[in-house]
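> give me coordinates for this.
(one chain, ligands or ions: 1)
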Amino acid sequence: MSSLKMLLRIALVVAASFARSAEPPASAGEPLARGTYLVTVAGCNDCHTPMKMTPEGPKPDMDRMLSGHPETLVMTAAPTLPPGPWLMTAAVTNTAFAGPWGVSFTANLTPDRETGLGKWTVRNFSETIRTGRHLGRGREILPPMPIPMYKNFTDADLAAIFTYLQSIPAVKNRVPDPRPPAAALASAGS
Ligand code: HEC
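Numbering: from 1, shown residues only. The predicted structure follows:
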């Protein structure tokens, strides 16, 4: 091989190793950057940021980023499912879901102290995700919150996600309590 070709090959190998170092933050890395990355790819915005209609179809409304089901959007009684293999219905914002568990409304994950996670500690957050119970000991977290998957996050990842959530703009928005399944309502009334 000519020495020119050899030099070219070395240059390519060096360039490739620089390109690799520009990849997204790995598991170590700085918690805020790692948390931003995890919240993005784990799709928290899909359910916790209200969708708004745009000419290109529904998109998350980033002015209300991660603030949960909007308190102003009062949901009517859950529709009856059509016959066939249907499980649930979703609000136009993709923040409220009716299914066999009743109606669930996505939580406000912003650092607002009254209506969001502003008073939570990282421990409150980790225990909620790990146990699937509010604050690790309260009521069970309902579908479609992907607890069965998210409880596999490492402690460092959960801490990074919480760091990011506490860094975003606080939005005051009081999310309604979940509603029990229609069957439970009917037997309570009888
Ligand atoms: C498929 C929809 C969906 C996705 C994706 C989703 N969530 Fe949720 N989440 C929900 C719903 C619905 C609730 C409310 C459940 C309830 O009221 O029991 C919820 C509740 C929560 C709660 C509980 C709040 C409390 O007060 O107990 C936390 C914390 C949370 N989500 C964080 C996250 C984070 C962080 C992500 C991304 C890593 C995420 N969620 C992704 C639907 C989702």
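
> in the protein, which helix or strand is least confident?
helix 3-20 (a mean of 51; mean pLDDT, DSSP states H and E).

> show me what contacts the residue positioned nearest the centre of the chain?
For the chain, Cys44 is the residue whose C-alpha lies nearest the centre (C-alpha atoms, centre = their mean; 2.0 Å). For Cys44, the contacting residues are 66, 109, by C-beta atoms under 8 Å, 6 or more residues apart in numbering. C-betas here are computed from N, CA, C, even on glycine.

> that one and Ile161: what is the separation?
Cys44 sits 8 Å away from Ile161, taking C-beta to C-beta, to the nearest Å as the criterion.

> what of Val175?
For Val175, the distance to Ile161 - C-beta to C-beta - is 19 Å.

> more neighbours: the two, which one.
Between Val175 and Ile161, Ile161 has the larger neighbour count (other C-beta atoms under 10 Å), namely 26 against 20.

> my understanding was that the more buried one contacts Gly35; is that so?
Yes: Ile161 is within contact range of Gly35, at 4.9 Å (criterion: C-beta atoms under 8 Å).

> report the contact partners of Thr128.
Counted by C-beta under 8 Å, 6+ apart, Thr128 has contacts 134-136, 141.

> so does stretch 105-120 get close to the ligand?
Yes: under the criterion of C-beta under 6 Å from any ligand atom, the ligand is reached by stretch 105-120 at 106-107, 109.

> count of neighbours near the closest residue to Met65 other than its chain neighbours?
Excluding the flanking residues, the one nearest Met65 by C-beta to C-beta, 6 or more residues apart in numbering is Thr49, at 5.3 Å. Look at Thr49: counted by other C-beta under 10 Å, it has 24 neighbours.

> do the one 4 residues further on as well
The burial metric for Met53, expressed as a neighbour count using other C-beta under 10 Å, is 11.

> what about it, which helix or strand?
Using DSSP states H and E, Met53 falls within strand 51-54.

> just checking: what are the partner strands of that strand?
Sheet pairing for strand 51-54, assigned by DSSP bridges, gives strand 57-60 (antiparallel).

> what helices or strands is the following helix or strand past the partner strand leaning on?
Once the chain leaves strand 57-60, the next helix or strand it forms, by DSSP H and E, is strand 89-90. Of the remaining helices and strands, those touching strand 89-90 by 3 or more C-beta pairs under 8 Å, 6 or more residues apart in numbering; DSSP states H and E are strand 96-99.
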